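**Student:** Need a 3D model of the following:
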Amino acid sequence: MAGTTYPVRVAAAVTLPVNADVEVTSDNDADFPGDPTAAYMMAGTRTGGFKHRVHLKFDTPNLTGSTVTDAKLSMNTIDAQSCGAALANGIQVARLTGAWDPGNVYWANKPAFTTEDASTNFKGVSMDCATWPDSMEWNVTGIAQDWAAGAADHGLVLKSPGEANVNNYRVFTSAENTDEFGSPPKLTLITSGPASVPTVSAPAISPAQTVNGATVTTSLTPQLAAIVADTAGGSLTGEFEVEHDPAAAGQGSGQIWTGASHAVTSGGQATVGVPAGKLADGWKIRWRARAANAAASTTSAWSDWQTATVDVPNPTVGAFQVTPSQMVDGGTVATSLTPALRATVTDPAAQPLRAEFEVEHDPPATGQGTGQIWTAALDNVASGT
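**Tutor:** Residues are numbered from 1 along each chain as shown. This next block holds a predicted model:
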């Protein structure tokens with residue numbers, strides 16, 4: 001579609017109910033901690049130097065690797081020192097950096113916080129307002145992005161900025177206030193999955209061995225492999241390209257073959273075999289790989305070129321037989337004028353072979369002629385037969 005930037009990432013919005021909410025005041029001590037069952041919670045400062053903080057913890061999903069595009073904290077507000085859209089000082093929401101126990105939190109052991117990405121709302125809601133009760137909202141996108149970037153999620157704290165001011169407070173309904181208002185704290189997150197960024201690593205060819213610092217493959221149909229991964233996860237394929245080594249002479253030039261593996265899960269090894277008939281013994285080749293995410297229409301950069309020499313061991317022949325025959329005084333005696341000659345031929349590359357037979361007069365023998373008597377050949381003999 002025109003104007004669309006790929007890959008497309010679909011945003012997902014989720015509104016989370018609070019898992020724990022508790023008010024802690026400067027009066028709370030170990031013998032009288034905050035009450036996590038209270039129906040109302042106050043944040044701010046009051047005349048006389050009293051300080052109040054509201055601690056909130058939400059069951060946030062695993063945000064690691066996600067992109068948080070928006071996050072909003074909503075609190076049902078029923079009272080303040082005054083009514084208005086922009087009162088002095090306001091109430092600040094900040095990210096907690098320490099663990100806390102909702103059932104045993106008091107002023108001396110309250111969790112630490114950071115003002116990094118903190119947000120302040122200056123609205124005041126009281127019964128004198130035209131709309132009562134009303135909601136106060138804070139943009140906490142930066143805080144949620146901190147969680148997605150790896151910061152520990154210990155929750156949020158609502159407080160008066162600096163807490164040096166007096167008579168600056170807001171009263172909120174808690175999650176436990178189900179009969180009267182039924183409007184608990186809420187955290188709404190809008191996230192999208194990470195962008196698709198395929199990567200390729202650990203290219204390998206097999207069978208192979210290192211000879212004088214160079215890679216040598218002993219097969220005409222070697223297997224090429226590489227690890228393919230993507231930050232977006234999912235399934236990927238490995239794409240492979242084989243060329244003549246530009247530094248080699250007398251064997252051709254340019255591309256020899258390209259192919260792709262079956263799909264594997266991100267982080268898995270993609271493998272593919274070079275088909276028969278593409279390579280020749282003695283060639284010097286180079287090859288490379290890249291990762292492809294078909295669903296996201298993305299690919300990685302190509303890996304560096306990998307070089308190899310194709311050096312296939314020579315075929316072998318053994319298990320000679322003459323049929324019919326028998327052993328006489330340690331020598332083989334054929335008992336037919338038309339014996340069958342047999343041998344097992346083996347190709348290390350498992351390729352079909354041409355088996356050639358030759359019969360001669362035995363040079364030590366006398367009175368029977370010399371030299372070649374007969375030759376024959378069989379084509380397309382399977383290796384190992």
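**Student:** in stretch 291-302, what's buried?
**Tutor:** Judged by neighbour count (16 or more other Cβ atoms under 10 Å), stretch 291-302 contains these buried residues: 291-293, 296, 298-300. For every residue, glycine as well, the C-beta is placed using N, CA and C.
**Student:** Closest to Glu137 out of the residues you listed?
**Tutor:** For those, the closest approach to Glu137 (Cβ to Cβ) belongs to Ala296, at 34.2 Å.
**Student:** one step back: quick one: least confident of the buried residues of stretch 291-302?
**Tutor:** Ranked by pLDDT, these bottom out at Ala296 (78).
**Student:** Would you check that that residue makes contact with Ser196?
**Tutor:** Yes. Judged on Cβ atoms under 8 Å, Ala296 makes contact with Ser196 at a distance of 3.6 Å.
**Student:** which residues sit against the helix or strand of the chain with the lowest mean pLDDT?
**Tutor:** One helix or strand of the chain scores below all others by mean pLDDT, DSSP states H and E: strand 11-25, with a mean of 82. In this structure, residues lying in contact with strand 11-25 by Cβ atoms under 8 Å, 6 or more residues apart in numbering are 33-36, 38, 40-43, 50-61, 69, 102, 105-107, 110, 155, 174-176, 184-192.
**Student:** 7 Å instead?
**Tutor:** In this structure, residues lying in contact with strand 11-25 by Cβ atoms under 7 Å, 6 or more residues apart in numbering are 34-36, 38, 41-42, 50-60, 69, 102, 105-107, 110, 174-175, 184-192.
**Student:** Where strands are concerned, which of those residues count?
**Tutor:** Judged by DSSP state E, these include 41-42, 50-58, 69, 186-192 as members of strands.
**Student:** residue contacts, Tyr106?
**Tutor:** By Cβ under 7 Å, 6+ apart, the neighbours of Tyr106 are 24, 28-30, 33-34.
**Student:** May I see the PyMOL selection of the buried members of these?
**Tutor:** In PyMOL syntax, the buried subset of these is picked out as below (16+ other Cβ under 10 Å):
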select buried, resi 24+28+33+34
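**Student:** In the stretch 1-150 of the chain, where is pLDDT below threshold?
**Tutor:** Along the stretch 1-150 of the chain, the parts satisfying pLDDT under 70 run over 1-12, 62, 64-65.
**Student:** can you pull out the helices in it?
**Tutor:** Secondary structure of the stretch 1-150 of the chain (DSSP state H, counting those that start in this stretch): helices located at 141-148.
**Student:** wait, doesn't Gly234 sit right on Ala294?
**Tutor:** No. Between Gly234 and Ala294 there is no contact under Cβ atoms under 7 Å: 9.1 Å.
**Student:** can you list the domains in the chain?
**Tutor:** Listed by automatic domain parsing, the domain ranges of the chain are 12-192, 198-310, 316-381.
**Student:** so how far does the shortest one reach from one end to the other?
**Tutor:** Using Cα to Cα, to the nearest Å, the span of domain 316-381 from its first residue to its last is 13 Å.
**Student:** circling back to that earlier point, of the contacts of strand 11-25, just the buried ones, ChimeraX syntax please.
**Tutor:** Listed next is the ChimeraX selection for buried residues among the contacts of strand 11-25, using 16+ other Cβ under 10 Å:
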select :34,35,36,41,42,51,52,53,54,55,56,57,58,60,69,102,105,106,107,110,174,175,184,185,186,187,188,189,190,191
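**Student:** Give me the subset of the buried residues of stretch 291-302 that lies in helices.
**Tutor:** Nothing among the buried residues of stretch 291-302 maps onto helices, per DSSP state H.
**Student:** Mark which of these are part of strands, please.
**Tutor:** 291-293, 298-299.
**Student:** Identify the farthest-apart pair in those residues.
**Tutor:** Comparing every pair within those by Cβ to Cβ identifies Ala291 and Thr298 as the most remote, at 8.8 Å.
**Student:** Show me what the strand or helix carrying Gln269 is in contact with.
**Tutor:** Per DSSP states H and E, Gln269 falls inside strand 268-273. Strand 268-273 is contacted from outside by 221, 223-228, 237-238, 240, 259-261, 264, using Cβ under 7 Å, 6+ apart.
**Student:** distance between that strand and the chain's centre?
**Tutor:** Centroid displacement of strand 268-273 relative to its chain, using Cα atoms, centre = their mean, to the nearest Å, is 16 Å.
**Student:** And it, what's buried?
**Tutor:** For strand 268-273, a neighbour-count test (16+ other Cβ under 10 Å) marks 270-272 as buried.
**Student:** Adjacent strands (with direction) for that strand?
**Tutor:** Sheet pairing here is set by DSSP bridges, and for strand 268-273 it gives strand 223-230 (antiparallel).
**Student:** Name the residues that touch the partner strand?
**Tutor:** Under Cβ under 7 Å, 6+ apart, the answer for strand 223-230 is 196-206, 236, 238, 240, 264, 266-274, 287, 289, 291, 293, 303.
**Student:** Now do the helix or strand containing Phe240 and strand 223-230, the angle between them.
**Tutor:** Using DSSP H and E, Phe240 maps to strand 235-244. Interaxial angle, strand 235-244 versus strand 223-230 (axes from the mean of the first three to the mean of the last three Cα atoms, to 10 degrees): 140 degrees.
**Student:** Show me what strand 235-244 packs onto, helices and strands only.
**Tutor:** strand 223-230, strand 255-260, strand 264-265, strand 268-273, strand 284-293 (3 or more Cβ pairs under 7 Å, 6 or more residues apart in numbering; DSSP states H and E).
**Student:** just so I know, which of these lies nearest Val216?
**Tutor:** That would be strand 284-293 among the helices and strands packed on strand 235-244, by Cβ to Cβ, at 10.1 Å.
**Student:** Having no further points to raise, I will conclude here.
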